[in-house]
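Enquirer: Task: produce atomic coordinates for the following.
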Amino acid sequence: MRRIDIRLALLLLCLALGCTARDRPAGNEEIAWRLIDWPSVEASPSPPFHPHPESVELGATAPTTTEEPSRAMINSDPRYTFRRPELTFVYRNPHFEVPDTEHVSLDIGVPDKLQDCDALPTEITLTQKKMSVSQHAMGWCTAIDGTKHLGIEVQTPRALRATSVDLWVHARPAPPQGIRQRRFTIPTVPEGARLALAYGVENAGWAEDAAAATFHVLIEDDPKPLFMARLDPALNESQRRWFQTSIDLSRYAGKRLPLILQTALDRADDRRPFSQPVWGDPIVLAPRRGNPR
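Expert: Numbering: from 1, shown residues only. As a prediction, the model looks like this:
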């Protein structure tokens, strides 16, 4: 009885904290395709195309590559996502004095390779001998005398206020905003197949003036979505986590299925045209071969 009580208590605590379990194959399932293993390109479906969307034909085996999938981080919970640019070193101050305030503003230079920016998702790390704290925030680029500078509002951890830390800032190019799509074609849908994936908005998209984001899973030329969701973590702290969904594809068994994973901004007039929606661990699952379907 005590063991049951403990497990129930842990489950209730997880639900209160917003834990989201990863969708793993059941005992009678196997992964047919892991979409992040395929070289898809995030594209815009309307002019100006950045670039034009093209579908990736899923085959028996994924193309061989030395590149690993990227990781998306939401509330300290990493998931694999589609490949994107790596973080670039921007700034370091080994003797940064943290003020005794809740926030501190940084104004730092932007490296040459990131000069073509309006905004940059950043990772800020504050380190001492006994602790290290990392956070993610959106940095905004402004031109000063023809050179871009990066402004970042950094939350100061209470334990590090009024102390000296080793401050590091890394950044990557911001993903294109607006409607963005990745397209995949399943040549023949297995019987009993389903699409399992996580979705959410990365920490840099939680700024109070960031736009809400929408998520759709679509079939090409079909206006009715298989799945849709809207997240606004800037206003709703409960949405600052991963969400998991599973989409039944069994009605398309034996058919060719062109799928579209789409994100977009749902922006109010008082919001910046920016968010950071991401997909996590997208996989197509099917009954294990040799098992009854």
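Enquirer: how does this protein divide into domains?
Expert: 26-84+176-287, 88-171 (automatic domain parsing).
Enquirer: And the contacts of the strand ranked longest in the chain?
Expert: In the chain, assigned by DSSP state E, the strand with the most residues is strand 132-144. The contact list for strand 132-144 (Cβ atoms under 8 Å, 6 or more residues apart in numbering) reads 73, 110, 117-127, 148-155, 157, 160, 171, 202-205, 207, 210, 274, 276. Yep, even glycine has a C-beta here, placed from its N, CA and C like the rest.
Enquirer: which one is residue 55 nearest to, not counting chain neighbours?
Expert: Using Cβ to Cβ, 6 or more residues apart in numbering and skipping the chain neighbours, the partner closest in space to residue 55 is residue 183 (3.9 Å).
Enquirer: can I assume the one you found sits in a strand?
Expert: Yes. Using DSSP: H, G, I helix; E, B strand; the rest coil, the assignment for residue 183 is a strand.
Enquirer: Roughly how far does it sit from residue 110?
Expert: 33 Å (Cβ to Cβ, to the nearest Å).
Enquirer: So in terms of bridging, what pairs with the residue nearest to residue 55?
Expert: residue 55, residue 260 (DSSP bridges).
Enquirer: list the contacts for it?
Expert: 40, 43, 53-56, 220, 258-261.
Enquirer: Give the closest residue to residue 105 in space, chain neighbours not counted.
Expert: residue 153 (5.8 Å).
Enquirer: could you point out which element follows the strand or helix carrying that neighbour?
Expert: Using DSSP states H and E, the element containing residue 153 is strand 147-155. Proceeding C-terminally, strand 147-155 gives way to strand 164-171 as the next helix or strand, assigned by DSSP H and E.
Enquirer: Can you tell me the strand partners of that following strand and which way each runs?
Expert: Paired strands of strand 164-171, defined by DSSP bridges, are strand 88-97 (antiparallel), strand 119-127 (antiparallel).
Enquirer: And for residue 104, the neighbour number?
Expert: Using other Cβ atoms under 10 Å, residue 104 is surrounded by 16 other residues.
Enquirer: Not counting its neighbours along the chain, what's nearest it?
Expert: Looking at residue 104 with Cβ to Cβ, 6+ apart, the closest residue is residue 154, at 5.2 Å.
Enquirer: For residue 52, see how far away the one you found is.
Expert: Distance of residue 154 to residue 52, given as Cβ to Cβ: 38 Å.
Enquirer: and residue 138, bridged to which residues?
Expert: Beta-bridge partners, per DSSP bridges, of residue 138: residue 121.
Enquirer: Make CSV out of the domains of the chain and add mean pLDDT.
Expert: What follows is these, written out as CSV (pLDDT from 0 to 100):
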stretch, mean pLDDT
domain 26-84+176-287, 91
domain 88-171, 95
